[in-house]
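Undergrad: Okay, here's the prediction I keep looking at, along with the sequence it came from:
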Amino acid sequence: MFIGFHQCRWGYHNLSVIEDVVENYKKAKIPLDVIWNDDDHMDGHKDFTVNPINYPLPKLLNFLDRIHSIGMKYIVINDPGIAVNTNYGVYQRGMANDVFIKYEGEPFMAMVWPGAVYFPDFLNPKTVSWWGDEIRRFHELVPIDGLWIDMNEVSNFCTGKCTIPKGRFCPLQGEKLPNSTCCLDCTNITSTRWDDPPYKINASGKEAPIGFKTIATSAVHYNGVLEYDAHSLFGFSEVIATHKALHELQGKRPFVLSRSTYVGSGKYAAHWTGDNKGTWEDLRYSISTVLNFGIFGMPMVGADICGFYPAPTEELCNRWIEVGAFYPFSRDHSSVISPRQELYRWESVAESARNALGMRYKLLPYLYTLNYEAHISGAPIARPLFFSFPNYVQCYGLSTQFLLGSSLMISPVLEQGKTEVEALFPPGTWYSLFDLTQVIVSKDGNYVTLNAPLHEINVHLYQNTILPMQQGGMVSKDARMTPFRLIVTFPAGANEGEAKGNLFLDDDELPEMKLGNGYSTYIDFHASAKEGSVKVWSQVQEGEFALGKGWVIDTINVLGLIGNGATATMEIDGTVSNVKIDITEQSYLYGKGDGEKKIVMVGMKGLNIPVGKNFSMTWKMGSSV
């Protein structure tokens, strides 16, 4: 399960640091599913290696045994550049298999963190096999749970045709911080129309050669394909090769995070938005970026929470986790040049994290079902409001709020010093997810001023919805085994109403999310209200899997009903039930007219209804007032 919360930093210089991070999240009672290593775990920045001093293998394996035993995961970074080093097994095997991109018949030399490197040619079938073998070898050494493939645009610290210098060491040594200065001996390549085309591009924000700090565009891939034609496919082809390797290795659904993407990458990998800054401006931009990538076909996407660099303020980090807790991919990540910013480092941020991530972990079944929907239909997980309200033109340009799925709206604070937010509510009834008694009725679509103290995020659920939730937990493995709760929303005070929702369940690690394999269950939930009679029911497909897991629906809350309290008799599957019923009056935060009738929430707890079986529940409300 990778839809929980992730923690990463470039600068976890030794194993004891990440051990402390995991322990401190636990002490702070902030949920955490995945701990990451940037290249700190590597020996000299070389792929598929472990630093024997800072990450001694026996201690690392012991640590992984401990976190794996509680359901946590471990992911490491991997850059495409393979160090040119005759003592390095990955390089030796790569040369023996002739897997690298060529220039004038020789492997094209570039520079990234380990110094001089060659880039694998993932268009070559031999490279795909070699890459898979290297991942297998590394996994036998360190049982990672996924791979983070970075720098795959491709990023190169140098430009042109380069050679290793004689008489000086490269990369530069003695620096306190990693150095990205080109220290190879390089000459410009401008002799072909591929390297100096008749038109110019401005992709880097300056008029630079087309091959500036990347692979020369006249370099050659497998079967004579020029880099000029294949440049944008590098990250995509690496994603496919990495996904294939992890699938064959583990027989599980692979997790790959890629910085470079292309049309179709969303089938194979998640994405983060790169080195976003720890500024209020980048916090705001993160929403439109995540929404756009969802539309592009990358549903599993998020920005670096609190910013990659420079240091965020305490207030900004509070507000960012309140947004980031609802990104499809939720990860705190920071740079070695910035101070540490784990969510427990400020008590105020820890409180905001417990609040926002606490809700995320209750919403895991809903988020997982949205992942399934993305898989079968291409629908984004995070969506602009106009996806659900295409006829409401006021929301067309809105990028300060967003939806998860069709009906859960996030309205965050995105400005310094603000403790209120002006949120746009499309027409209809909206219920606060953190306080189900609070109701907003937007007649024609209205901006509403919402209270938003430092530790609170406004999340609202739209009418006509049935939202499946669970009880939450510190690790998604535990949270996903807790009893279910259904929240049913009708239009406030309507005499008639219908609501629906759905739920997809499997073991989270099957290679493909689908029905028909004996290891998954799908449920449609329905509800209706008419003239005081209320019915809630389910239609289950392939319920055996859910029944085997023992999942039950413990609680159902039905919102927006007219009534004064007492119900007559409640029947579950045709039998009169003595389940305790709580009636709570709801409050109009906005939109109540003088003629509006009192509305209530009906809550039933201790139901113990098996998720994997059809059920039907009916009752009649008492008279309205």
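TA: Noted; the coordinates are in hand.
Undergrad: Assess the claim that Met72 and Val22 are in contact.
TA: Yes: here Met72 reaches Val22: they are 7.3 Å apart, a contact under C-beta atoms under 8 Å. C-beta coordinates here come from the backbone N, C-alpha and C atoms, glycine included.
Undergrad: which residues do the two both contact?
TA: Any residue near both Met72 and Val22 by C-beta atoms under 8 Å, 6 or more residues apart in numbering counts here, and that gives 32, 35.
Undergrad: And those two? Which one has more around it.
TA: Met72 (21 against 18; other C-beta atoms under 10 Å).
Undergrad: Please tell me how far the more buried one sits from Leu283.
TA: Using C-beta to C-beta, to the nearest Å, we find Met72 at a distance of 27 Å from Leu283.
Undergrad: shaky segments in this structure?
TA: Low-confidence segments of the chain, defined by pLDDT under 70: 1, 173-177, 203-204, 564-568, 593-595, 623-625.
Undergrad: which ones are touching the residue most central in space within the chain?
TA: Residue closest to the mean C-alpha point of the chain, counted by C-alpha atoms, centre = their mean, is Phe329 at 0.9 Å. Neighbouring residues of Phe329 by C-beta under 8 Å, 6+ apart: 2-3, 6, 257, 270-272, 300-302.
Undergrad: That one - nearest residue in space that isn't next to it in sequence?
TA: Closest residue to Phe329 apart from its sequence neighbours, by C-beta to C-beta, 6 or more residues apart in numbering: Gly302 at 3.6 Å.
Undergrad: re earlier: may I see the contacts of Phe329 arranged in JSON lines, with distance to Ser129, neighbour count and secondary structure as well?
TA: Shown next, in JSON lines, are the contacts of Phe329 (distance: C-beta to C-beta, whole Å; neighbours: other C-beta atoms under 10 Å; DSSP: H, G, I helix; E, B strand; the rest coil):
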{"residue": "Phe2", "distance to Ser129": "26", "neighbour count": "21", "secondary structure": "coil"}
{"residue": "Ile3", "distance to Ser129": "31", "neighbour count": "23", "secondary structure": "coil"}
{"residue": "His6", "distance to Ser129": "30", "neighbour count": "22", "secondary structure": "strand"}
{"residue": "Leu257", "distance to Ser129": "23", "neighbour count": "26", "secondary structure": "strand"}
{"residue": "Ala270", "distance to Ser129": "25", "neighbour count": "24", "secondary structure": "strand"}
{"residue": "His271", "distance to Ser129": "26", "neighbour count": "26", "secondary structure": "strand"}
{"residue": "Trp272", "distance to Ser129": "28", "neighbour count": "27", "secondary structure": "strand"}
{"residue": "Met300", "distance to Ser129": "27", "neighbour count": "24", "secondary structure": "coil"}
{"residue": "Val301", "distance to Ser129": "30", "neighbour count": "26", "secondary structure": "strand"}
{"residue": "Gly302", "distance to Ser129": "32", "neighbour count": "25", "secondary structure": "strand"}
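Undergrad: any idea which of those residues is closest to Pro427?
TA: Val301 (28.9 Å; C-beta to C-beta).
Undergrad: nearest residue to the closest one other than its sequence neighbours?
TA: The nearest residue in space to Val301 (C-beta to C-beta, 6+ apart) is Phe293, at 4.3 Å.
Undergrad: What about the one you found, how many residues nearby?
TA: 25.
Undergrad: Could you check how far the host helix or strand of it is from the centre of its chain?
TA: For Phe293, the element it lies in under DSSP states H and E is helix 280-295. Its chain's average C-alpha position is 13 Å from that of helix 280-295, according to C-alpha atoms, centre = their mean, to the nearest Å.
Undergrad: elements contacting that helix?
TA: Secondary-structure packing of helix 280-295 (3 or more C-beta pairs under 8 Å, 6 or more residues apart in numbering; DSSP states H and E): strand 301-302, helix 314-324, strand 382-383, strand 402-404.
Undergrad: and of these, who's closest to Ala219?
TA: Closest approach to Ala219 among the helices and strands packed on helix 280-295 (C-beta to C-beta): strand 301-302, 30.1 Å.
Undergrad: hmm, who's touching the helix or strand following the closest one?
TA: Next helix or strand after strand 301-302 toward the C-terminus (DSSP H and E): strand 304-305. Outside strand 304-305, the residues that touch it by C-beta under 8 Å, 6+ apart are 272-273, 275-276, 317, 320-321, 323-324, 327, 330-334.
Undergrad: Settle this for me: Gly428 is touching Gln463, isn't it.
TA: Yes: with contact defined as C-beta under 8 Å, Gly428 counts as touching Gln463 (5.0 Å).
Undergrad: check contacts around Ala216.
TA: Ala216 neighbours (C-beta under 8 Å, 6+ apart): 103, 108, 160-161, 189, 195, 227.
Undergrad: Next step: those residues restricted to helices.
TA: The members of these that map onto helices under DSSP state H are Glu227.
Undergrad: sorry, back to before: between the helix holding Phe293 and helix 314-324, how many degrees?
TA: Interaxial angle of helix 280-295 relative to helix 314-324 (axes from the mean of the first three to the mean of the last three C-alpha atoms, to 10 degrees): 10 degrees.
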